[in-house]
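Q: the amino acid sequence is not available; the structure is as follows:
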């Protein structure tokens, strides 16, 4: 906080500000002649109160309280009321308090935490109560002079216009030293926070790579799965019902047997068809897994580079964060709301708006996919999911319309690809079916469904369409 004061000694009548700071890394009250920068972002409730009550007021007295690190600034307001700003410069617990008449507390910069039970004493700084100094007393005995704590800088240009004036005023030395200390601590916290966010993203990218590598290895075994299906086809009549596996003569390796795993709940023919379908799925996946791996490896490398840069103290934190957001490896940090609203019921999906205004819902995780599909979608709504690739369930809400708008069908398909490991791909295949044709097999794991109809949409991704959709995201409870 800056307070404008008159400079009686300055022949050129330059404006002098009194800086009052409760920064825990550099709490201070000192004169400041530096250029004043506009505050970035919204004001907090305490500073809004100071702005409303002290704008136009005149500083009439500045005094130390009880010989301690407490400073009282008394103001005479335009309505002739007196208000006092108390700066408690007590290190990590520094605070500021605005007092009204009779030294009653009106506003506190850092309010006390709520008292959990009646047995604990009331907080000292309570709005409506009289202000009392913090416990303890000023240090007794010999104290060190400020001129010794903040000596003249070894090399700096003279500030005074002539030889008779102090070239390095004490307030200037105090402000420079403590401002630098506070700035360093602030930058250190910001760098630590940025590094933690980047390392979490890097860990997620590493896990995604590991999962894609497992899928790649599984896809390479599509021929073996097809061979199992062919062998089972030749011995359908000899497979006992309810068997978990069966040993068959391997026609592809003479003299050897091959163990084929079975689902005991299915018949031999159903097991055969399931194996043929699995082989086809693995073969199709093999054509896309290379591109997915390349995209994931590139993103992993970008994140690793940003993590290395974040550890470099010479790299400006703000510039690095903007570069990471622009590079698509980090999300914009959301500012905390000024007032916490009552929590809304959690929805298992994100909501987007199609080109014609329809609602498009995207499941958040595997469990939420089931809730979206079977509890938050009607039978005629369109259900979409990437073919041969895990990902979010997507529902295009038709709301009684006989059919989907062609552009909105493409919108929903783009979102299905974006919220899957195919994010960033140029081409993809997407299942499209009415919700009533989507079924949940008994005992299936979360997110796993089967289709009894529908079609497959061959999609060529349009970045500008996806950008429009993500810009039309409607925040919902998470």
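A: Received, thanks. In this text, all values refer to a predicted model and were calculated from it rather than measured experimentally. Residues are numbered from 1 along each chain as shown.

Q: which residues does the spatially most central residue of the chain contact?
A: Ranked by distance to the mean C-alpha position of the chain (C-alpha atoms, centre = their mean), the top residue is residue 333 at 5.2 Å. Residues in contact with residue 333 (C-beta atoms under 8 Å, 6 or more residues apart in numbering) are 197, 321. Where you see a C-beta, it was placed from the backbone N, CA and C, and this is true even at glycine.

Q: run the last query once more with 6 Å
A: Counting by C-beta atoms under 6 Å, 6 or more residues apart in numbering, residue 333 makes contact with nothing.

Q: same check on residue 372?
A: 348-349, 361, 363, 393.

Q: look up how far residue 107 lies from it.
A: 46 Å (C-beta to C-beta, to the nearest Å).

Q: in the stretch 201-350 of the chain, where is pLDDT below threshold?
A: 335-342 (pLDDT under 70).

Q: all helices of it, in order?
A: 222-234, 268-310, 317-326 (DSSP state H, counting those that start in this stretch).

Q: ok but residue 400 is inside a strand, no?
A: No: Residue 400 is assigned coil when assessed by DSSP: H, G, I helix; E, B strand; the rest coil, not a strand.

Q: count of neighbours near it?
A: By the measure other C-beta atoms under 10 Å, the count of residues near residue 400 is 7.

Q: so for it, what's the pLDDT?
A: pLDDT for residue 400: 88.

Q: excluding sequence neighbours, find me the nearest residue to residue 385.
A: residue 431 (4.9 Å; C-beta to C-beta, 6 or more residues apart in numbering).

Q: partner residues bridging the one you found?
A: residue 385, residue 456 (DSSP bridges).

Q: tell me which residues are up against stretch 431-449.
A: So stretch 431-449 is in contact with 366-367, 369-370, 373, 377, 379-381, 383-385, 387, 450-457, going by C-beta under 6 Å, 6+ apart.

Q: strands along the stretch 351-478 of the chain, start to end?
A: Taking DSSP state E, counting those that start in this stretch as the criterion, the stretch 351-478 of the chain carries its strands at 359-363, 382-386, 394-396, 427-434, 438-439, 450-451, 455-460.

Q: packing partners for the helix or strand hosting residue 194?
A: Secondary structure assignment for residue 194, by DSSP states H and E: helix 170-220. The helices and strands touching helix 170-220, judged by 3 or more C-beta pairs under 6 Å, 6 or more residues apart in numbering; DSSP states H and E, are strand 28-32, helix 268-310, helix 317-326.

Q: go again with 10 Å.
A: Helices and strands touching helix 170-220, by 3 or more C-beta pairs under 10 Å, 6 or more residues apart in numbering; DSSP states H and E, are strand 16-21, strand 28-32, helix 146-149, helix 268-310, helix 317-326.

Q: residues near the residue nearest to residue 385, how many?
A: When neighbours are counted by other C-beta under 10 Å, residue 431 comes out with 20.

Q: any idea of the pLDDT on it?
A: Predicted confidence (pLDDT) for residue 431: 97.

Q: list the buried ones in stretch 211-227?
A: 212, 215, 218-219, 222, 225-227 (16 or more other C-beta atoms under 10 Å).

Q: end-to-end on that stretch?
A: 25 Å (C-alpha to C-alpha, to the nearest Å).

Q: what about that stretch, distance to the chain center?
A: In terms of C-alpha atoms, centre = their mean, to the nearest Å, the centre of stretch 211-227 is set 35 Å apart from its chain centre.

Q: hang on, the earlier thing: which of the strands of the stretch 351-478 of the chain is buried the deepest?
A: The highest mean neighbour count among the strands of the stretch 351-478 of the chain, using mean count of other C-beta atoms under 10 Å, belongs to strand 394-396: a mean of 29.

Q: packing partners for that strand?
A: If you count contacts as 3+ C-beta pairs under 10 Å, 6+ apart, strand 394-396 packs onto strand 349-353, strand 359-363, helix 366-375, strand 382-386, helix 406-418, strand 427-434.

Q: again, only this time at 7 Å
A: Applying 3 or more C-beta pairs under 7 Å, 6 or more residues apart in numbering; DSSP states H and E, one finds that strand 394-396 contacts strand 359-363, strand 382-386, helix 406-418.

Q: those: which one's closest to residue 129?
A: strand 359-363 (50.6 Å; C-beta to C-beta).

Q: pLDDT of that closest one, averaged?
A: 96.

Q: do the same with stretch 377-394
A: 95.

Q: next up, the contacts around the closest residue to residue 321 other than its chain neighbours.
A: Counting by C-beta to C-beta, 6+ apart, residue 321 lies nearest to residue 194, which is 5.6 Å off, once chain neighbours are set aside. Residue 194 makes contact with 310, 317, 320-321 under the criterion C-beta atoms under 7 Å, 6 or more residues apart in numbering.

Q: one more pass at 6 Å, please.
A: Contact analysis of residue 194 by C-beta under 6 Å, 6+ apart lists 310, 317, 321.

Q: swap in residue 356?
A: 405, 408.

Q: could you shift the numbering so residue one becomes 48, and keep it that way?
A: Happy to do that; since the first residue is 48 now, the last one works out to residue 403.

Q: for it, grab phi and psi.
A: phi -100, psi 10 (degrees, to the nearest 10).

Q: for it, report the pLDDT, please.
A: 91.

Q: sorry, back to before: right, and the helices and strands packed on strand 441-443 - which one's nearest residue 66?
A: Residue 66 lies closest to helix 453-465 among those, at 48.4 Å (C-beta to C-beta).

Q: the closest one: which residues count as buried?
A: For helix 453-465, a neighbour-count test (16+ other C-beta under 10 Å) marks 455-465 as buried.

Q: just those residues now: which is nearest residue 351?
A: Distances from residue 351 to those, taken by C-beta to C-beta, are shortest for residue 465, at 23.3 Å.

Q: just to revisit the earlier point, redo the buried residues of stretch 258-274 as JSON lines? Include distance to residue 518.
A: Listed next are the buried residues of stretch 258-274 as JSON lines, based on distance: C-beta to C-beta, whole Å:
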{"residue": "259", "distance to residue 518": "29"}
{"residue": "262", "distance to residue 518": "31"}
{"residue": "265", "distance to residue 518": "37"}
{"residue": "266", "distance to residue 518": "35"}
{"residue": "269", "distance to residue 518": "40"}
{"residue": "272", "distance to residue 518": "43"}
{"residue": "273", "distance to residue 518": "45"}
{"residue": "274", "distance to residue 518": "49"}
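
Q: which one of those residues sits closest to residue 334?
A: Using C-beta to C-beta, the buried residues of stretch 258-274 come closest to residue 334 at residue 266, 8.9 Å.

Q: I'd guessed residue 132 sits against residue 118; true?
A: No: Residue 132 lies out of contact with residue 118 (C-beta atoms under 6 Å); the separation is 8.6 Å.

Q: of those two, who's got more company?
A: Taking neighbours as other C-beta under 10 Å, residue 132 and residue 118 compare with residue 132 leading, 23 against 19.

Q: who's the closest residue to the more buried one other than its chain neighbours bridged to?
A: Excluding its sequence neighbours, the residue lying closest to residue 132 (C-beta to C-beta, 6+ apart) is residue 120, at 4.4 Å. Bridge pairing for residue 120 (DSSP bridges) gives the partners residue 109, residue 132.

Q: right, and residue 120 touches residue 130 too?
A: No: here residue 120 lies out of contact with residue 130, judged by C-beta under 6 Å, at a distance of 9.2 Å.

Q: residue 248 versus the nearest residue to residue 357 once chain neighbours are set aside, what's the distance?
A: Leaving out its chain neighbours, the residue that sits closest to residue 357 by C-beta to C-beta, 6+ apart is residue 242, at 4.5 Å. To residue 248, residue 242 is 11 Å away according to C-beta to C-beta.
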